[in-house]
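[1] here's my sequence, what's the structure:
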Amino acid sequence: MPTVLVTGAGRGLGLEFVRQYSSAGWDIVACARDPLRSPELAALAAGGRIRIETLDVGDEASIRALTARLGERPLDVLLGCAGTMGQGSFATEGLDFGRFGNCEPGDWAEVYRVNVIGPMLMAEALVDNVARSAQKKIVTLTSVVGSIAGNTIGSLYKYRASKAALNAVMRSLSIDLARSHGIIASPLHPGWVRTEMGGPHAHLDAVTSVTGMRAVIDGLTPERAGRFWMYDGSELPW
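    Numbering: from 1, shown residues only. As a prediction, the model looks like this:
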């Protein structure tokens, strides 16, 4: 069976990916910063082919340790679900979250550490594991708010900036790793989902979003790599 490594697997979309891939019979490496805080993940692991790993995607030493533990294990899909919006809560504050006049450099640095640098470090650390697999895919969850062309309402400065930067990273990975390793890389927008991050007023439930994203991931080909996909298979502007 194929293997997927999921970051941010302890809750939200990452946890739902683990649930659905487990039901589909995949082998799973489920990575979370603090797995002990996710009894749901532990329950899934008790009944499936799931290996739980502790991982902070923004910490280079944590990534190196994970890489050492995995050894040469092939990874068909390296799936980045870990992310942060930083201090505050979009779910409760709406567009007042991250508004102009509220820039905190330390918070910006933390958001970039997790949302941009982390996926880059993960790709560099595990590129050979992905290249050893049959599917050879690297997918990282981004957001439509990272679309510069699509920004018509402003605000959300640090989160927008981090996702636009992540999109640039994934675009370059799709070019460079296709040439060097035959890897298919793309960013993927899950839609606005009812999670702790998205809040209770979001349009989608996690099951619908992840079901759609799995179909997009399954359908990724070299010709479809490096493009800005939405959970429903439509393409977004950069």
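[2] could you double-check that I184 lies in contact with A134?
    No - contact criterion Cβ atoms under 8 Å: I184 and A134 do not qualify, at 11.7 Å. In this view, the C-beta of every residue, glycine as well, is placed from N, C-alpha and C.
[3] who's more crowded, the two?
    Legend: neighbour count by other Cβ atoms under 10 Å for I184 and A134, higher for I184 (24 against 9).
[4] and the strands in the chain?
    Applying DSSP state E to the chain gives strands spanning 3-7, 27-32, 50-54, 77-80, 137-141, 184-189, 229-230.
[5] what about the protein, any weak spots by pLDDT?
    By pLDDT under 70, the low-scoring segments of the chain are 88-95, 198-199.
[6] now do 80
    47-48, 88-98, 194-202 (pLDDT under 80).
[7] and the longest helix seen in it, what other elements does it pack with?
    The longest helix of the chain (DSSP state H) is helix 157-181. Contacts defined by 3 or more Cβ pairs under 8 Å, 6 or more residues apart in numbering; DSSP states H and E place helix 157-181 against helix 105-112, helix 118-131, strand 137-141, strand 184-189.
[8] ok, 6 Å please
    With contacts defined as 3 or more Cβ pairs under 6 Å, 6 or more residues apart in numbering; DSSP states H and E, the secondary structure elements packing on helix 157-181 are helix 105-112, helix 118-131, strand 184-189.
[9] for L5, which of the ones you listed is the nearest?
    Closest approach to L5 among the helices and strands packed on helix 157-181 is made by helix 118-131 (7.2 Å; Cβ to Cβ).
[10] may I see the buried residues of the closest one?
    Of all the residues in helix 118-131, those buried under the rule 16 or more other Cβ atoms under 10 Å are G118, P119, M120, L121, M122, A123, A125, L126, V127, N129, V130.
[11] which elements pack onto it?
    helix 60-70, strand 77-80, strand 137-141, helix 157-181.
[12] for the third one, packing partners?
    Strand 137-141 makes packing contacts with strand 77-80, helix 118-131, strand 184-189 when contacts are defined by 3+ Cβ pairs under 6 Å, 6+ apart.
[13] closest to R69 out of the ones you listed?
    Here helix 118-131 is closest among those (Cβ to Cβ), at 11.5 Å.
[14] how about residues contacting the closest one?
    Here helix 118-131 makes contact (Cβ atoms under 6 Å, 6 or more residues apart in numbering) with 57-58, 60, 63, 67, 75, 78, 80, 136, 138, 140, 169, 173, 181, 183.
[15] for the helices and strands packed on helix 118-131, which one ends up most surrounded?
    Counting by mean count of other Cβ atoms under 10 Å, strand 77-80 has the highest mean neighbour count of the helices and strands packed on helix 118-131, with a mean of 27.
[16] export it to PDB, keeping only CA atoms.
    Extracted as PDB, the C-alpha positions of strand 77-80 are listed here (Å, rounded to 0.1, in the frame of the first residue of the first chain):
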ATOM      1  CA  VAL A  77       2.700  11.700  -0.500                       C
ATOM      2  CA  LEU A  78       4.400  14.300   1.800                       C
ATOM      3  CA  LEU A  79       1.400  16.200   2.900                       C
ATOM      4  CA  GLY A  80       1.800  19.400   4.900                       C
END
